[in-house]
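Participant: show me the folded form of this:
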Amino acid sequence: MLEITDHGNVREIRLARPPVNALNSALLQSLEQAVITAESDSMSAAGPRVIVLSGAAGMFSAGLDVREMNSGEAAVRELVLAFARAQLAVVRSRLPIIAAITGHSPAGGAVLALLCDHRIMAEGKFRIGLNEVQVGLYPGELIFRVLERVVGTQRAVSWLPRGALVSGAEALAAGFVDELVEPTQVVPRSLVLAAEIAALPPKVYARTRALVRRDLLRLFEAPPESLESLMEEGWVTDETRERMAKLLAPRAG
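Facilitator: The predicted model follows:
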């Protein structure tokens, strides 16, 4: 589900769950552990200093696994908790993380990218955004604040209720992503940026990074809504089940 490659002092963690890198509980647990392991390995002189989180060509991640979301309340609860823990691992990581957005990145894929330090996206036809409302899910205030932190209030209040998916050009203009590059260059460019970061004076870089991410960490340390309220009021509802069933119907068989 993950492919892990060290490029000198840069560790690439590649989402590898064909066909669309849907985030199921197992993949999210693996991602959480991979980030934690990278931090542990960074204690050695030859260990990683930066993480690059990449996906497959054309698809960074399609978001949370729809089949798992439609497998009953217990499965949804496990998935939501796994997603929360993976997010927290990314937010708390002492190592900077660059999202190499190799293609489409809706919903959960966009959330992971937003939590990273830098985002480099493939130019072209690809879309990115928080389209939870379109699939019958309430995104929650925490995700709203994460989006608002990056793109500003005006765009966040316009995009989130509509479940908008935007082009790379729109994402770049809004600050959603930092760079657009030719699709085959997303990972190479991310590795170059990672090497540049790794070469910075480590102590002053770490202190400055902690400064600019302090507000993000505070959001996760004191979330505005509980997971229980999200489960009961926005993730396990008749409306959600109906929408998920429609999404799965064309794939039946």
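
Participant: Asp41: how many residues sit nearby?
Facilitator: Using other C-beta atoms under 10 Å, Asp41 has 14 other residues around it. C-beta: built from backbone N, CA, C; applies to glycine.

Participant: that one and Val35 touch, don't they?
Facilitator: No. Counting by C-beta atoms under 8 Å, Asp41 stays clear of Val35, with 10.9 Å between them.

Participant: which residues does the residue nearest the centre of the chain contact?
Facilitator: Central residue of the chain (C-alpha atoms, centre = their mean): Leu112, 1.0 Å from the mean position. Leu112 makes contacts with 53, 61, 86-87, 90, 99, as judged by C-beta atoms under 8 Å, 6 or more residues apart in numbering.

Participant: can you lay out those as a markdown table showing secondary structure, distance to Thr5 and neighbour count?
Facilitator: Listed next are the contacts of Leu112 as a markdown table, based on DSSP: H, G, I helix; E, B strand; the rest coil; distance: C-beta to C-beta, whole Å; neighbours: other C-beta atoms under 10 Å:
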| residue | secondary structure | distance to Thr5 | neighbour count |
| --- | --- | --- | --- |
| Leu53 | strand | 12 | 27 |
| Ser61 | coil | 18 | 29 |
| Ala86 | helix | 20 | 25 |
| Gln87 | helix | 23 | 22 |
| Val90 | helix | 19 | 24 |
| Ala99 | strand | 16 | 29 |
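
Participant: check which helix or strand covers the closest residue to Phe220 other than its chain neighbours.
Facilitator: Ranked by C-beta to C-beta, 6 or more residues apart in numbering and with sequence neighbours excluded, the top spatial neighbour of Phe220 is Val91, at 5.0 Å. Assigned by DSSP states H and E, Val91 belongs to helix 73-92.

Participant: how close does the residue lying closest to Ala57 once chain neighbours are set aside sit to Asp215?
Facilitator: Counting by C-beta to C-beta, 6+ apart, the nearest residue to Ala57 once its immediate chain neighbours are dropped is Thr102, at 5.8 Å. Distance of Thr102 to Asp215, given as C-beta to C-beta, to the nearest Å: 28 Å.

Participant: cool, Leu180 as well?
Facilitator: Relative to Asp215, Leu180 is positioned 26 Å away (C-beta to C-beta).
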